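Chemist: have a look at this fold, sequence not included:
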């Protein structure tokens, strides 16, 4: 089974903090990491491979330095890494990214299953997974929290919904996006890290795949950022200390006055 | 590439460097330079350089559609088990506002089975027209079928704007619709507005876990599509005097290749209140100490008629199922009241709840980060405060 995992390199978001004086993002010491949701995708792909055999190919679209994300995935146990990178892709929104990634995936030969993290933690859109599925004409299941079973022909998964989960069966080839609950990603082994260091990362650019030049990069992107800004912080309100009874009483009267309790 | 720095206007002040979340700008010899490989054209630097106007982003497009062929605001009506979801009434309320600003019509699109009465009611909640796809095949959400019918609607009705709730269903199939029709999709908006001059939808959404807000437009593509977060917009009020058209569409399911098959649905939430729909959430974290103490959280939630939430630490400890987790790797919520008990307030947790209308935090540690965003902070032991608070409401109730 050939499993493709789409990953993204993102700023390690725990360090993305706001400078309260200037209201700007503090980037000091922010290192680039593999999007955490994508680590669940990589882990799940490796587990499927360990169970029924196959190859795990990781692919990312980004600047040349996104190479590091692919090596992290290889260190975990992925077999091959593909970097989709070209100046012509600059300015891509989620539509153009989905289009470009789907074009790149078409160059990988037979693909049975594509796994993506449910969303990237920088953009939080959750749009590229379903976008790639649609552009490749593949069936799609979002928010997968468990793979119940998989054969060469189909996959049975649990899809997390607001009030529980659906059990969904989908024929393969197909695409799933996974949530955090699905597994606990493994740490890279020393051997894996060694392998990742020397692994060959294959490059895919606009000339090595079939894409409509009108649909890539900025020109192919329907959406544009009109404005971006740092939201106003609420700032701490009242903070009180005291006896338990006092605290409870204060909270009770505040809640009562909010008028939200029916 | 669409971003340029005017070397004449740039004074090398570095404001843009600080505004850039991607570390794409450097200043050398008192002039800023942009690494276009890193830049994602987010325009934060353009905003930072408002004073000098040295940075410009030029917009290019390959879209050849005539945007004037598209009109009206359409709203996807989500239903579960034949009952219209709460978020859809919020979409109708917001959609009505946008349609009025544009002087256009509000169209509700319902996919369901045996819901003729509910379809008619959508008019009373503000729709000028209801398009109701009626088929037993549509009773439950199905990816391929829903996407195909929504695309059919877009092709035939040509809406300028299409809204859907940012729910498990909406965020699952709406991106497929956008992919197929080359529409401009903005995910998980917390604010919508109209640029009346250009007649454009302005969709504002959080990114970087809520640390950055971005307003997105799609000037040359239609429809302009947005998924919208629950509980942010005001639900439409019912007005029995309203009239409108109801178009029932028969569905030939044999023409649609549905590839996914739903074998079962398992309800998994402890209470009947879904946390993303709840007006009140009582949430517990590591400070609750052990699984049994979560009963105190449940007790208060019940007394207030609210739902139970949890931090990642509590979920990871196995005290409560993952479907209750609030935060970046769980659910994003914005209730009217959020009570955080024994939650220190990691960046990831706060990303999931900081847009709540009112936040009460109970924590022993006076320096806990959660107090920075709490409207009311109680420095005390949640294990002691909770029973007292619960009693207060039980007595009143």
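Modeler: Everything's here; your move. Remember, it's a predicted structure, so these values are computed and weren't measured experimentally. Numbers count the residues shown, from 1 in each chain, chains lettered A, B, ... in the order given.
Chemist: domain parsing of chain B, as residue ranges.
Modeler: B:3-57, B:67-255, B:280-396 (automatic domain parsing).
Chemist: now residue A:52. Nearest residue, chain neighbours left out?
Modeler: residue A:1 (6.0 Å; CB to CB, 6 or more residues apart in numbering or on different chains). (Glycine included, C-beta is placed from N, CA and C.)
Chemist: quick check: bridge partners of the nearest residue to residue A:165 once chain neighbours are set aside?
Modeler: Nearest residue to residue A:165, sequence neighbours excluded (CB to CB, 6+ apart): residue A:158, at 4.6 Å. Beta-bridge partners of residue A:158, counted by DSSP bridges, are residue A:146, residue A:167.
Chemist: near residue A:158, how many other residues are there?
Modeler: 23 (other CB atoms under 10 Å in any protein chain shown).
Chemist: just residue B:305 next, same as before
Modeler: For residue B:305, using other CB under 10 Å, the count is 16.
Chemist: then the one 4 residues further on?
Modeler: Burial of residue B:309 is recorded as 33 neighbouring residues (other CB under 10 Å).
Chemist: can you tell me the SS state at it?
Modeler: Here residue B:309 takes the strand state, with states given by DSSP: H, G, I helix; E, B strand; the rest coil.
Chemist: so how far is residue A:182 from residue A:146?
Modeler: Distance of residue A:146 to residue A:182, given as CB to CB, to the nearest Å: 6 Å.
Chemist: neighbour count: the two, which is higher?
Modeler: residue A:182 (26 against 18).
Chemist: got a list of what that one touches?
Modeler: A:40, A:43-44, A:144-147 (CB atoms under 8 Å, 6 or more residues apart in numbering or on different chains).
Chemist: any of the residues you listed buried? List them.
Modeler: Burial by neighbour count, judged by 16 or more other CB atoms under 10 Å in any protein chain shown, picks out A:40, A:43-44, A:144-147 from the contacts of residue A:182.
Chemist: between the residues you listed, which sits nearest residue B:264?
Modeler: residue A:146 (12.7 Å; CB to CB).
Chemist: stretch B:357-367 and chain A in contact?
Modeler: Yes. Applying CB under 8 Å from any CB of the partner chain, one finds stretch B:357-367 touching chain A at B:358-360, B:362, B:366.
Chemist: quote the end-to-end distance of that stretch.
Modeler: By CA to CA, to the nearest Å, the extent of stretch B:357-367 from end to end equals 22 Å.
Chemist: can you list contacts of that stretch?
Modeler: A:234, A:239, A:241, A:247, A:251, A:254-255, A:258, A:260, B:287, B:334-345, B:353, B:368, B:370-371, B:373-382, B:385-386.
Chemist: buried among the residues you listed? Make that a PyMOL selection.
Modeler: To isolate the buried members of those in PyMOL, using 16+ other CB under 10 Å:
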select buried, (chain A and resi 247+251+254+255+258+260) or (chain B and resi 287+334+335+336+337+338+339+340+341+342+343+344+345+353+368+370+371+373+374+375+376+377+378+379+380+381+382+385+386)
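Chemist: go through the contacts of stretch B:357-367 and flag which are in helices.
Modeler: Among these, the members found in helices (DSSP state H) are A:247, A:251, A:254-255, A:258, B:353, B:382, B:385-386.
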